[in-house]
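1. Take this sequence and fold it.
(one chain, ligands or ions: 1)
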Amino acid sequence: MSIKTTFLAAAIAAVSALPAVAEGIMVKDAYARAATPFAKTGAAFMMIMNHSDQDDRLINASAGVAKRVELHTHKDMGEGVMQMMHVPEGFTVAAGEMLMLQRGGKHVMMMGLTETFDQDKVIEITLTFEKAGEVVVEVPVDLKRKPAEGAHKMSH
Ligand SMILES: [Cu+2]
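-> Residues are numbered from 1 along each chain as shown. Reported below is the predicted structural model:
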């Protein structure tokens, strides 16, 4: 193997799931988690990039494994208290910008889970964008992943 192919193979191996792409929207590094594999609620986190030249908006999400899916964010209530809030209008992803769904921040909330969240199981989440339309993302369950540095602890 040449140095170049070795590097490429390593780069591909480092990505947990293949990026989903549609109409300028690219989703990377998606993962889902629940407090335990048998929890009734779970959340999904990911990096959403808008490579198009117009602003877009994530307006809805659905998942086969959940009875109800909502777009949530966390609001800092002060004194270290973070409260989850449903955001019906969704999240803007400006042209050329990135939207981070992460622990303690914006996330895809899945309620009424109908399947167990086993480590490395892949679930399908459909994101609906105002302009790009539906983007189906394969999201691996990762119960071991630690929150990103600086992210607040979140409880569901
Ligand atoms: Cu939530």
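2. What residues of stretch 98-117 count as buried?
-> For stretch 98-117, the neighbour count (16 or more other C-beta atoms under 10 Å) marks 99, 101-110, 113, 117 as buried. For every residue, glycine as well, the C-beta is placed using N, CA and C.
3. and Asp53, how far is that from the ion?
-> 32 Å (C-beta to the ion, to the nearest Å).
4. re earlier: just put the buried residues of stretch 98-117 in TSV and tack on secondary structure.
-> Output for those, formatted as TSV (DSSP: H, G, I helix; E, B strand; the rest coil):
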residue	secondary structure
Leu99	strand
Leu101	strand
Gln102	coil
Arg103	coil
Gly104	coil
Gly105	coil
Lys106	coil
His107	strand
Val108	strand
Met109	strand
Met110	strand
Leu113	strand
Phe117	coil
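5. near the ion, which of those show up?
-> Met109 (C-beta under 5 Å from the ion).
6. From Lys67, how far off is Tyr31?
-> Per C-beta to C-beta, to the nearest Å, Tyr31 is found 21 Å from Lys67.
7. Tell me which of those two has more neighbours.
-> Tyr31 (17 against 11; other C-beta atoms under 10 Å).
8. excluding its backbone neighbours, what's nearest the more buried one?
-> In space, and not counting its chain neighbours, Tyr31 is closest to Asp142: 4.2 Å by C-beta to C-beta, 6 or more residues apart in numbering.
9. For the chain, give me the ranges with low pLDDT.
-> Scanning the chain with the threshold set as pLDDT under 70 gives 1-23, 149-156.
10. residue boundaries of the helices in it?
-> Under the criterion DSSP state H, helices of the chain are mapped to 3-13.
11. Those residues of it touching the ion, which are they?
-> Checking the chain against the ion by C-beta under 5 Å from the ion, the hits are 72, 84, 109.
12. OK, contacts around the first one?
-> Residues in contact with His72 (C-beta atoms under 8 Å, 6 or more residues apart in numbering) are 43, 84-87, 106-109.
13. go on, Thr114?
-> 65-67.
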